[in-house]
Every structure is written in structure tokens, then in C-alpha cells.
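Colleague: from the sequence below, what's the structure:
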Amino acid sequence: MRKHLSLIIPVILLFSLSSLQGQHQLGSSRISGDFGFNGMYYMPDSLIGAEKVDSKVRANAFINLLYSNGGFSAGVRYEYYQFPLIDFEKIQYQGQGVRYFFADYKNKFIQVTAGNFYEQFGNGLALRAYEDRQLGIDNSLLGARVKVTPYKGITVKGVWGIERFNFESYLGRRDFVRGFDGEIALGELIPKMQEKGFTTNIGASFVSKFEKADESILGTLYPGTDSTCTGEIPADKIPQNIPIWATRLNFGYKGFRFDAEFAQKMQDPNVSNDFIYKKGEALFLSATYSMKGFGVAASFIRSDNMDFRSQRMVQQNSWLNINNIPAINRQYSYQLISDYGFASQPNSQIGVQLQVNYKIPKKTKLGGKYGTDLTFNFSRFHNTDQQPVALAIENGTARGTEGYTSSFFKFGPDLLYQDIGLEISHRFTKSWKWTLAYNFISYNLEILQGHEGMMRGHLVASDLQWKITSKHALHLDLQHLYTKDDDGSHIYGMLEYSISPKWFISIGDDWNYGNPDPSRRLHYFNIAGAFVWNTTRIALNFGKTQEGILCIGGVCRAVPASYGVGLSITTSF
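Modeller: Predicted structure coming up:
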């Protein structure tokens, strides 16, 4: 009972403070904040694999408070994950307390932050400290940050901090992160460049992590042979300071833009790379061009041995990641391919992405009264080419050696992910809009999820929107995934009715009709509704969730099967 009461208390707090609508002004001072509560009552269901849990009522909750006065601001966040949703319990995101607090002062010349902060250098190849509440990621740094703008168009940043590790204590930690970043915006330094349509930024980053090394690392040599023995990497041979540097360029002229960043990491033997001493490297390239009715975007990414964490023995999920290798493939919201989202592979990936957008002009036979939008997409990713070095072959293991060599632009033998897609969107009238999409997905289950084989599937999706009146709307979403792989084919349908801006209700069902096991050809239904009042949103849902993964921007986590009633509340003041 006490557990349930401890979950109800944050809800009471949310409602008691939800009446504080808008920001509160006290002279030149201002107080604002936001609240969030996401709870669920779990019920077991052996058919879908929803396990019986000790605490049926679980919730994630937080409250942010922010004070500001001129150039000074301070904030604090209290988090309540004592009995979290089972997704978060499985990744050990569990606890409670003040896990984020800061004080910040800034003017035109300098900004100084003490406490917790988020930061990103460039595209994140060297440093990305960020939060994604859906994924259970919070890589904030506890320490200090200084940002200086000595001259218009020139920015220099310096950071030092200890990375957050879920609800673990900072005390006794033997690792920290430090770094510098500089960027020059030539367009601001030379106004005539901007006047002629040019934008050019150049930047560079240097980040170093320190972790005490006073214990040897044991490993097995000659595995699978009669001469198997235990090897050792002495503590004095384990690097304690691991630097990574990066340089970047952003160039634009009218409708054209080009972005590039290259990063290199020094020797970083860790559990994710089996303790090899090869340097890591990453290259990100992106070019876009757009004009009226037409646009094209092409990207390239290569990442080799670039898993970079505060602690060398940590590998699970996104714990203690210092950097981030961005996902360049197109991100979809389709229900049936959400379980096949591509997870960025920092230690071994090379791939390309191409997207072309074209608008068939309006008042033509194919374009109709409002025009027709076409989007073509292609992406393909492989592992990197890796050839073991002679010492690794001789020892029977890569551990303690350079590991392998790799031809920089050569694609490896294993296909990780491929997506070929076409989307057509057409507005018939002011009230009716229809989108039709097709995708052919190839997904390496073994490498990306740890399951056997390759999933190859065809997705057809139809999205129909009917604006009945200025406030009333109906939305119908139909999808079909045909595949003979993994758990087979699915059909999904969702009907949503909304009364803007306060109400919406939806009902949906995902039927796994093609599962190879007839007993698992199940329905995963969901009924949901929401009410919005000022800055407060209350949502209720009831249904089943199939076991799978959740991916956002190339970062993924496992989602266990579940069945129950969910309540979500968000508000700000």
C-alpha cells in the first residue's frame, strides 16, 4: 500500500500546482517550471509475454523549477523513479532525488554554468551530453562550463564534469570528462559574404576522458584450441586519458548546404571493442539542395571503433556515452516498422542516405488543385571492412593488439539495414488529405537485436485525414507489413477522432496474423484518449504492447511486452 501511495503523491503534487498557469513575475525575477507523470497499472498476460510484476502500479515522474533574473538563472529537477515503468526498471533507471541542478550567468561576452548541464560539440562525434526521457537517457555532466564570445562570429567553449549514471552516486567516481570547442562563423565576421548568400562556419573540438586504471584486464588467448590460456593486460598498459578530436565545416550558398565533420579517437581499449588498441575514426558528410517544388539530400557516415564512454567496462544500452554517432537514415512513425528502427553502430558502420522530394505543380492533371508531394528515399548500411592484424591471428584473439586494419571507404560483408521507400501525399480538398507509402526494409536481426537471421519486409501504409469542421477531425491510419521472417506479417489499423484543441480519442489494433506459431497470432489493441486544458495535458490508454525496441535518432532500447492501463500528465507554468 505504501508503494501505491508513494506513486499517488507526485500526481497530487502535479494537480495542486497545475493551477499555476503561465510564468510568475516577481519584479524583474521570473519563476517557471514543468511537471511530468507517466504511470501504468500492469496486468499479466502469458500469451504476449507480459510478466507478473511485484508492483502493479508503477510510474515515472519529475518536476522542473526554473528561476531567472536578467542574465542569471538557476534550476532544479526532482525525479521520482522509485517504482518506474518496467521498461526503465530493466535498464536500471530506478531511484529518486534531485538529479539535476544548476546556476548560470551570461552576458554578451561570457556564459558560466555550474552544476548539471547538457552540451554538444558540432554533430556530437566528440561530445554530446543530452537527455531523452522516452529512452531513459540522461548523460548530463556535473561540473562547470564556460562559453566565451570574444568577437562577433567567434565562440569558444570549455567543459569539465562527471557524467551522470542513472541514479548512481557521483561520490567515489574515478572518471571525468573535459573538453574545448571553438567555432568561427565567417558570415558574421565578413558581412559581405552573407549579403551575397554565403554562410561558412568552421569549428574544432577536443575532448578527453580520464578514468583511473589500477587493475589488470584478464582475457582468454587461443580460444577453442588445445593451448587455451589466460592472458593479461597490465594496469600500466591501460590508457587513463583518452582524447578525441574533431574538425568540422558548414558551407551554404542560397539553396545549397554542405556539412562535414571528421573525428579521431586515440587508443581506447574497452569492453565494447574487446580491449583492442586501434584508433577510432568517424566521418559524417551531408549535402542538400532545395528550390521551389524540388529538394534533394544526400548523406554519408562511417564510424569505426568510436564507442566512447566514461567507464571502459560499461557496454549496456547508452550508459555513459560521451559522444554520439548520428543516424542519417530517414526516421518513420509507422507502427509496424518501429520494431525495425536502425540502431547506430559506433564501432562498425558505413552507409549512405538519399532523399528526393518533388512537388507536382498544382492545377495540373497529376497535381490536382493543391499539388501532389512525392518523396523517394534510399538508405543502406553495412559493417566496416575489418582485416585482423597478424598478431591477433597469432594470439588467437584481438585483445591487447591493434585488432584489425580497415579500408576507409570499403563496405564490409554484412548488410545491417536497407530502406527503399516511396511516399505520395495529395490534398483533394481543404478537408481531405491522403498519404500513401511503400517501403522495402532489410534488417539484420542478428547484429541489431541479437536474434537470428535477416528480416526482409514490404510495408504499405495509408494515412487519410478528414477535417470535418474547423474543430472536428477524423484520422484513419492503415498499415500492412508482409514478411516471412522474424514474427511474420502484421496488419495495423488506427482511427482517431479529435475536437480541437482539447479532446482526442483513438482506437487501434496490431494483428500479428502471419506469426509462424499459430498460438501467437495475436491482437495488440490500444484505446486512448486525451484532454488538454491550457498548458496541461491528461492522457489515458488501455491496451497491449508487443515486445520490441524503441528507437529515436538511431539510439534504441528494448521494450518489454506489457498489458494494462496507462495515465500520462504533463503541465507547465
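Colleague: dump stretch 352-361 to PDB, restricted to CA.
Modeller: Output in PDB follows, covering the C-alpha atoms of stretch 352-361 (Å, rounded to 0.1, in the frame of the first residue of the first chain):
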ATOM      1  CA  VAL A 352      24.600   6.300 -47.300                       C
ATOM      2  CA  GLN A 353      21.200   8.000 -47.400                       C
ATOM      3  CA  LEU A 354      19.500   9.700 -50.300                       C
ATOM      4  CA  GLN A 355      16.100  11.500 -50.200                       C
ATOM      5  CA  VAL A 356      14.500  13.300 -53.100                       C
ATOM      6  CA  ASN A 357      11.400  15.500 -52.700                       C
ATOM      7  CA  TYR A 358       9.300  16.700 -55.700                       C
ATOM      8  CA  LYS A 359       6.000  18.600 -55.700                       C
ATOM      9  CA  ILE A 360       3.900  18.000 -58.800                       C
ATOM     10  CA  PRO A 361       2.600  21.500 -59.600                       C
END
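Colleague: dihedrals phi and psi, G396?
Modeller: The phi and psi torsions at G396 (degrees, to the nearest 10) take the values phi 80, psi 10.
Colleague: can you check E51 too?
Modeller: The phi/psi pair for E51 (degrees, to the nearest 10) is phi -80, psi 160.
Colleague: in contact with it, which residues?
Modeller: By CB atoms under 8 Å, 6 or more residues apart in numbering, the residues touching E51 are 44, 560-561. For glycine as for every other residue, the C-beta is placed from the backbone atoms N, C-alpha and C.
Colleague: as a markdown table, these with pLDDT would be great.
Modeller: Output for these, formatted as a markdown table (pLDDT from 0 to 100):
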| residue | pLDDT |
| --- | --- |
| P44 | 95 |
| P560 | 93 |
| A561 | 94 |
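Colleague: G367: which of those is nearest?
Modeller: Lowest distance from G367 to the contacts of E51 (CB to CB) belongs to A561, with 45.1 Å.
Colleague: quick one: the closest one and L522 touch, right?
Modeller: No: between A561 and L522 there is no contact under CB atoms under 8 Å: 10.1 Å.
Colleague: from A246, how far out is the residue nearest to G457 when sequence neighbours are not counted?
Modeller: The shortest distance from G457 to any non-neighbouring residue, by CB to CB, 6 or more residues apart in numbering, is to T483 (3.4 Å). Look at T483 and A246: by CB to CB, to the nearest Å, they are 39 Å apart.
Colleague: same check, this time on R133
Modeller: Distance, R133 to A246, using CB to CB: 27 Å.
Colleague: ok, now M193?
Modeller: The separation that M193 has from A246, given CB to CB, amounts to 24 Å.
Colleague: more neighbours: which of those two?
Modeller: A246 (25 against 16; other CB atoms under 10 Å).
Colleague: what residues does the residue nearest to that one when sequence neighbours are not counted make contact with?
Modeller: Leaving aside its sequence neighbours, A246 sits nearest to A263 (CB to CB, 6+ apart; 3.7 Å). The neighbours of A263, taking CB under 8 Å, 6+ apart as the test, are 125-126, 205, 244-246, 281-283, 306, 323.
Colleague: how does it look with 10 Å?
Modeller: For A263, the contact set (CB atoms under 10 Å, 6 or more residues apart in numbering) comprises 121-127, 205, 207, 244-248, 280-284, 303, 306, 308, 323, 325.
Colleague: do the same with G508
Modeller: Counting by CB under 10 Å, 6+ apart, G508 touches 335, 477, 492-496, 524-528, 541, 543.
Colleague: show me what whichever strand or helix holds it pairs with in its sheet, parallel or antiparallel.
Modeller: Using DSSP states H and E, G508 sits in strand 503-511. Neighbouring strands of strand 503-511 in its sheet, by DSSP bridges, are strand 490-499 (antiparallel), strand 523-533 (antiparallel).
Colleague: distance of the residue nearest to A246 relative to T200?
Modeller: Taking CB to CB, one finds A263 at 20 Å from T200.
Colleague: before we move on, the earlier item: between the contacts of E51, which sits nearest I162?
Modeller: Using CB to CB, the contacts of E51 come closest to I162 at P560, 30.6 Å.
Colleague: make sure that closest one is actually in contact with I86.
Modeller: Yes: using CB atoms under 10 Å, P560 is in contact with I86, at 5.6 Å.
Colleague: can you list residues touching both of the two?
Modeller: Common neighbours of P560 and I86, counting by CB under 10 Å, 6+ apart, are 50-51, 53.
Colleague: got JSON lines for the residues you listed, with pLDDT and distance to D214 too?
Modeller: What follows is the shared contacts of P560 and I86, written out as JSON lines (pLDDT from 0 to 100; distance: CB to CB, whole Å):
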{"residue": "A50", "pLDDT": "91", "distance to D214": "45"}
{"residue": "E51", "pLDDT": "89", "distance to D214": "40"}
{"residue": "V53", "pLDDT": "89", "distance to D214": "40"}
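Colleague: using JSON lines, lay out those residues together with distance to H451.
Modeller: Output for the shared contacts of P560 and I86, formatted as JSON lines (distance: CB to CB, whole Å):
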{"residue": "A50", "distance to H451": "19"}
{"residue": "E51", "distance to H451": "19"}
{"residue": "V53", "distance to H451": "24"}
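Colleague: which residue ranges form the helices in this structure?
Modeller: Taking DSSP state H to define them, one finds helices in the chain at 2-17, 86-90, 186-189, 191-195, 390-395, 445-449.
Colleague: picking that back up, so which of the strands paired with strand 503-511 gets nearest F101?
Modeller: With CB to CB as the criterion, F101 lies closest to strand 523-533 of the strands paired with strand 503-511, at 29.9 Å.
Colleague: off-centre distance for the closest one?
Modeller: Relative to its chain's centre, strand 523-533 lies at 24 Å (CA atoms, centre = their mean, to the nearest Å).
Colleague: now do the contacts for G341.
Modeller: Shown in contact with G341 (CB under 10 Å, 6+ apart): 327, 329, 331-332, 417, 443, 448, 548-556.
Colleague: from V98, how far off is the closest residue to I110 other than its chain neighbours?
Modeller: Leaving aside its sequence neighbours, I110 sits nearest to V148 (CB to CB, 6+ apart; 5.3 Å). Distance of V148 to V98, given as CB to CB: 29 Å.
Colleague: could you dump the contacts of E51 to JSON lines with neighbour count and distance to K152?
Modeller: Converted to JSON lines, these look like this (neighbours: other CB atoms under 10 Å; distance: CB to CB, whole Å):
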{"residue": "P44", "neighbour count": "14", "distance to K152": "62"}
{"residue": "P560", "neighbour count": "17", "distance to K152": "52"}
{"residue": "A561", "neighbour count": "17", "distance to K152": "55"}
